[in-house]
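A.B. asks: Provided below are the primary sequence and the corresponding predicted coordinates.
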Amino acid sequence: MSVVRAETVPVRVESDVVVVRQTVRQWATSLGFSLVDQTKLVTAASELARNTVVYGGGGSLTLEALEDGARRGLRLRFADEGPGIPDLALALTDGYTTGGGLGLGLSGARRLSNEFDLDSAPGKGTRVTIARWR
Amino acid sequence: MERIPILKMGPFLLVTIQVDMHDRLAMVLQDDLTSMISRTGARGVLLDISALEIVDSFIGRMISNIAAMARVLDAETVVVGMQPAVAITLVELGLSLPGVRTALNVERGMALLRDAVRRADGAGTDAGADAIAAALAGEEDDGGGDAPRGPRGAPPA
Ligand SMILES: Nc1ncnc2c1ncn2[C@@H]1O[C@H](COP(=O)(O)OP(=O)(O)OP(=O)(O)O)[C@@H](O)[C@H]1O
Ligand SMILES: [Mg+2]
């Protein structure tokens, strides 16, 4: 599997969340994802970008176009240097929130993706990586 | 400040969301709608989201909040025009929008609201709402065949 294209965009302020949605939409469209798959990717990205801004104190998104034989995919890596998440399993539980949300962002983004990885620890920041194949 | 316009149509308020809303704009809309309902005594809110390309947990929470606040102020909320891809994604995200009614388009949403108001008011008719719904449906009267019907009095002989 190889990364054929990559780009990093800032995810620092609330308006960046809108830019993330637009950027992910463009990439998903150009990679030939169906409308439903585009919608899933953009929705997951919106959740993770908001978490990066609200809880992570800002960070970045790296988009990667993937090729694996005839398969095409899109990987999204969100990273911040914020406080980190003490209990990953709890954070991934539907309805768990420390910010008065619905607690659906992380768990929902996982359901909307084919691959999901959460790497975080107190003082170590947070990295959430998702990928979808078409 | 940027705002999403709220249109008054007889006893109802119509909100057409046409932009990719950032979170603050969604909060402002929620506040604007609440004060407009209490100021005008509106009986229903139509939230047209046909231009929305995604509904995430934040927008979902805004829609639920609007419906809850409207209910407290004696107004019904109907969300209209949700794109199929958005609906599919919403389910997978885990968002259920409890207590929020949906309709295919503005005409059907208007018919739902009209019936809800009529039920709430007993047998009394609401000529204003009928006229608007009829105008939207492009008809002379409210004889639209596909509009969901609530209980109503016998038609005049
Ligand atoms: N990047 C991050 N840095 C630190 N903590 C995070 C981060 N992302 C998520 N969390 C923690 O995980 C919890 C769950 O996140 P999730 O996105 O599922 O729900 P939420 O943001 O609270 O609500 P929702 O996303 O439904 O509006 C958050 O409340 C927060 O405590
Ligand atoms: Mg979240």
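C.D. replies: Yep, it's here. Small disclaimer: the values here were computed from a predicted structure and weren't measured. Numbers count the residues shown, from 1 in each chain, chains lettered A, B, ... in the order given. Ligands and ions are numbered 1, 2, ... in the order given.

A.B. asks: return the residues of chain A in contact with ligand 1.
C.D. replies: Contacts of chain A with ligand 1, taken as C-beta under 6 Å from any ligand atom, map to A:47, A:51-52, A:55-56, A:80, A:82-83, A:85, A:91, A:96-99, A:101-107, A:126. Glycine gets a C-beta too; all of them are placed from N, C-alpha and C.

A.B. asks: check these against ligand 2, which are close?
C.D. replies: By C-beta under 5 Å from the ion, the members of the residues of chain A next to ligand 1 lying near ligand 2 are A:51, A:105.

A.B. asks: buried subset of the residues of chain A next to ligand 1, written for PyMOL?
C.D. replies: Only the buried entries of the residues of chain A next to ligand 1 go into this PyMOL selection, using 16 or more other C-beta atoms under 10 Å in any protein chain shown:
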select buried, chain A and resi 47+51+52+55+56+80+82+83+85+91+96+101+102+103+104+105+106+107+126
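
A.B. asks: return the subset of the residues of chain A next to ligand 1 lying in helices.
C.D. replies: A:47, A:51, A:52, A:91, A:105, A:106, A:107 (DSSP state H).

A.B. asks: tell me the pLDDT of residue B:156.
C.D. replies: Looking at residue B:156, its pLDDT reads 47.

A.B. asks: quick one: the strands in chain A, in order.
C.D. replies: Ranges of strands within chain A are A:2-11, A:59-68, A:71-80, A:115-120, A:126-133, based on DSSP state E.

A.B. asks: now tabulate the ones you listed in TSV and tack on distance to residue B:47.
C.D. replies: Below are these laid out as TSV (distance: least, C-beta to C-beta, whole Å):
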stretch	distance to residue B:47
strand A:2-11	28
strand A:59-68	30
strand A:71-80	29
strand A:115-120	31
strand A:126-133	29
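
A.B. asks: for those, give me TSV that also has mean pLDDT.
C.D. replies: Shown next, in TSV, are these (pLDDT from 0 to 100):
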stretch	mean pLDDT
strand A:2-11	97
strand A:59-68	98
strand A:71-80	97
strand A:115-120	98
strand A:126-133	98
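
A.B. asks: that's all I had, so thanks and see you.
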